[in-house]
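**Q** predicted model, plus sequence, below.
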Amino acid sequence: MQSVKMVITGPFSSGKTQFIGSVSEIDVVSTERKITSKAEKIKDSTTVAMDFGRITVGDDLILYLFGTPGQRRFDFMWDILSQGMLGFVVMVDSTKPETFREAKRILETFESYASTPYVVAANKQDMEDAWEPEDLRIILRLSEDVKILPCVASDKETVKNVLLELLYSILDEIDNPDG
């Protein structure tokens, strides 16, 4: 049995916990805490250390999903969670342009931790005001070789698609380490 560690990261309230919960075959191990600050009262709780989920793919592969906290005050956990990752997903809330700069900063931070494959998940594509994935590519200044995938974090099929695309990139990297 082989295992692959993937990190799910992105800004506060971008859908990381929901994303993991949609596909995990175990109850998500979560470090959610109640939000007391009125400024952050977009939702009732926030991840303070990590979320953890697991998916078995076929007979011989397990994906371990580690969700990062999205708030900057907990970003000391990012380096810890990135250790040993074979790839990462950057979640972007496609309906909140005010978070795009933070998403870019997080992406660049994770790129600096390890030279591993990654994909960008354009979350909330079911919403009327969601930015199109290709428009996100432009605003995030991402090259054509970066996969930006439409996603709805509560929809198991779109989440599976994002994870499979990342897995294919990881396997390609393992098979062709020199590019």
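**A** Right, received. Where do you want to start?
**Q** check which residues of stretch 63-78 are buried.
**A** 63-71, 74, 77-78 (16 or more other CB atoms under 10 Å). (C-beta placed from N, C-alpha, C; glycine too.)
**Q** just the residues you listed: which are in helices?
**A** Among those, the residues falling in helices (DSSP state H) are 77-78.
**Q** show me which pair in the buried residues of stretch 63-78 is furthest apart.
**A** For the buried residues of stretch 63-78, the farthest-apart pair by CB to CB is Leu63 and Gln71; their separation is 25.2 Å.
**Q** rewinding a little: and the buried residues of stretch 63-78 as TSV, adding distance to Asp126 and pLDDT?
**A** TSV is the format used below for these (distance: CB to CB, whole Å; pLDDT from 0 to 100):
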residue	distance to Asp126	pLDDT
Leu63	24	96
Tyr64	27	96
Leu65	22	96
Phe66	25	94
Gly67	21	93
Thr68	24	91
Pro69	25	85
Gly70	20	77
Gln71	25	78
Phe74	28	75
Met77	29	82
Trp78	28	88
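**Q** which of the buried residues of stretch 63-78 sits closest to Thr95?
**A** Taking CB to CB as the measure, Thr95 lies nearest Gly70 of those, at 15.3 Å.
**Q** burial count for the closest residue to that closest one other than its chain neighbours?
**A** Spatial nearest neighbour of Gly70, excluding adjacent residues (CB to CB, 6 or more residues apart in numbering): Phe12 at 3.7 Å. Close neighbours of Phe12, defined as other CB atoms under 10 Å, add up to 20.
**Q** Phe12 and Leu167, how far apart?
**A** 26 Å (CB to CB, to the nearest Å).
**Q** how about Met6?
**A** According to CB to CB, Met6 and Leu167 sit 8 Å apart.
**Q** ok, now Asp59?
**A** 15 Å.
**Q** in terms of neighbours, single out the busier of those two.
**A** Using other CB under 10 Å as the criterion, Asp59 and Leu167 rank with Leu167 on top: 19 against 6.
**Q** just the element for that one, please.
**A** Take DSSP states H and E as the rule and Leu167 turns out to sit in helix 156-175.
**Q** which residue ranges of the chain form strands?
**A** Taking DSSP state E as the test, the strands found in the chain are 2-9, 29-34, 45-57, 61-67, 87-93, 118-123, 147-150.
**Q** for these, give me a markdown table that also has distance to Leu107.
**A** Listed next are the strands of the chain as a markdown table, based on distance: least, CB to CB, whole Å:
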| stretch | distance to Leu107 |
| --- | --- |
| strand 2-9 | 8 |
| strand 29-34 | 23 |
| strand 45-57 | 18 |
| strand 61-67 | 16 |
| strand 87-93 | 5 |
| strand 118-123 | 7 |
| strand 147-150 | 11 |
